[in-house]
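Participant: Using only what follows, build the 3D model:
(one chain, ligands or ions: 1)
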Amino acid sequence: MKCPKCQMIVPDSTASCGCGYQFPNGESLHELQIRVDHLLRRGILFSIVWLAGFGSLYAFVNGLRARKIIKGSNGLLKGNFRVWWCFVMGGVGMLVWFPLFIVGIFNNL
Ligand SMILES: [Zn+2]
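Facilitator: Sure, this is the predicted structure:
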């Protein structure tokens, strides 16, 4: 991987570069990418198998978490498209439920 500060190529397993740059959270980019992939894989899976329910919320939350990590990496981590997927699929799934919640609340007033 490439150090964002000095553009040096350093081994994937290193947590910091020779120039003093610390990779986010003291973890190597490789580990962070695995975490992002894990979050997004689960998010996408849940958004599909459990649409319009808890899965949509879970997908959305995982998308948020993954996006935060990707942003912290200065764009070095991959997964923006999958983050987008989690937001859209999770968002749509929740929107389906939102009117029902409102109706449910008003019916009980
Ligand atoms: Zn460096």
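
Participant: and the lowest-mean-pLDDT helix or strand in the chain, what does it pack onto?
Facilitator: Using mean pLDDT, DSSP states H and E, helix 80-107 stands out as the lowest-scoring helix or strand of the chain, at a mean of 85. For helix 80-107, the contact count by 3 or more C-beta pairs under 8 Å, 6 or more residues apart in numbering; DSSP states H and E identifies helix 29-49, helix 54-72 as packing neighbours. All C-beta spots, glycine's among them, are computed from the backbone N, C-alpha and C.

Participant: For the last one, give the mean pLDDT please.
Facilitator: Read it as helix 54-72. For helix 54-72, the mean pLDDT works out to 90.

Participant: Would you mind measuring from the residue nearest the centre of the chain to C17?
Facilitator: Taking C-alpha atoms, centre = their mean, the centroid of the chain lies closest to A66, which sits 1.9 Å from it. As judged by C-beta to C-beta, to the nearest Å, A66 and C17 stand 24 Å apart.

Participant: again, but for H38
Facilitator: Counting by C-beta to C-beta, the gap from H38 to C17 is 25 Å.

Participant: Kindly report the residues of this structure close to the ion.
Facilitator: 3, 5-6, 8, 17, 19, 21 (C-beta under 5 Å from the ion).

Participant: now those residues as JSON lines including secondary structure and neighbour count?
Facilitator: Formatted as JSON lines, the residues of the chain next to the ion follow (DSSP: H, G, I helix; E, B strand; the rest coil; neighbours: other C-beta atoms under 10 Å):
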{"residue": "C3", "secondary structure": "coil", "neighbour count": "19"}
{"residue": "K5", "secondary structure": "coil", "neighbour count": "12"}
{"residue": "C6", "secondary structure": "coil", "neighbour count": "12"}
{"residue": "M8", "secondary structure": "coil", "neighbour count": "12"}
{"residue": "C17", "secondary structure": "coil", "neighbour count": "19"}
{"residue": "C19", "secondary structure": "coil", "neighbour count": "11"}
{"residue": "Y21", "secondary structure": "coil", "neighbour count": "13"}
